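J.: Fold the following.
(chains A and B)
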Amino acid sequence: NAGVMQNPRHLVRRRGQEARLRCSPMKGHSHVYWYRQLPEEGLKFMVYLQKENIIDESGMPKERFSAEFPKEGPSILRIQQVVRGDSAAYFCASSPQWADYGYTFGSGTRLTVV
Amino acid sequence: AQSVTQPDIHITVSEGASLELRCNYSYGATPYLFWYVQSPGQGLQLLLKYFSGDTLVQGIKGFEAEFKRSQSSFNLRKPSVHWSDAAEYFCASSSGGSYIPTFGRGTSLIVHP
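T.: Coordinates of the predicted model:
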């Protein structure tokens, strides 16, 4: 029973390129959350998705960032035209339908923009 | 909006000593409360969680936490720390009306031999 799978583990992009981060939730989990962790900071919520729906994107930057969770396949966090300030660890978590079962995190994708 | 405060950025203890990491939340009703641990370069591992019932919660790796409504606190404790406990610890909460956990900024635990 695999946990939350994130790939790639490490991603290096040049300024102006696009970054695509993938998250496959645990089997049976229909809720996905993306968080960003900047150096020396805690986790900041970005977006909450259910299958084919964005439920809450209040933490997403208004430009260049987008997320999806299609009916089939993993959730994707997409960052267009990356800048140095996007360098961070991006974590995905998933939960079942009812949140009181808790949240399971992936190991994260560490994005470095050079 | 709810918030989670971890007042200690760094905590240093000697191996074998007891540990208490502080966490305060701001939310009127009883929130769901969590403690996670993050080792360097790794993801977050759930140590324990509280939803209702007994206010003293037992977790993995010998950790426990106590929910105190009067103090809006959910402090993490361990009676005897091991060197392998050195890591970053995050407290989180989510309210009954939102599935989105809010995290504190974390407490870095340093263990001296």
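
J.: For chain A, which residues are neighbours of chain B?
T.: By CB under 8 Å from any CB of the partner chain, the residues of chain A that approach chain B are A:6, A:31, A:33, A:35, A:41-45, A:48, A:56, A:91, A:93, A:95, A:99-100, A:102-108, A:110. All C-beta spots, glycine's among them, are computed from the backbone N, C-alpha and C.

J.: Test my guess that B:Glu20 contacts B:Pro79.
T.: No - checked against CB atoms under 8 Å, the pair B:Glu20 and B:Pro79 is beyond contact range at 10.1 Å.

J.: The helix or strand bottoming out on mean pLDDT in chain B pairs with which strands, parallel or anti?
T.: The helix or strand of chain B with the lowest confidence, counting by mean pLDDT, DSSP states H and E, is strand B:102-103 at a mean of 90. Note on strand B:102-103: by DSSP bridges, its sheet partners are strand B:87-94 (antiparallel).

J.: Output the contacting helices and strands for the strand or helix carrying A:Thr112.
T.: Using DSSP states H and E, the element containing A:Thr112 is strand A:109-113. The helices and strands touching strand A:109-113, judged by 3 or more CB pairs under 8 Å, 6 or more residues apart in numbering or on different chains; DSSP states H and E, are strand A:10-13, strand A:19-24, strand A:88-95.

J.: Low-confidence regions, chain A specifically.
T.: Residue ranges of chain A with pLDDT under 70: A:1-2, A:98-101.

J.: Just the ones of the residues of chain A next to chain B in helices?
T.: Using DSSP state H, no member of those falls in helices.

J.: Please name the residues that touch residue 103.
T.: Defaulting to chain A. A:33, A:93-95, B:34, B:46, B:101 (CB atoms under 8 Å, 6 or more residues apart in numbering or on different chains).

J.: My question was about chain B, not that one.
T.: Shown in contact with B:Phe103 (CB under 8 Å, 6+ apart): A:35, A:42-45, B:4, B:90-92.
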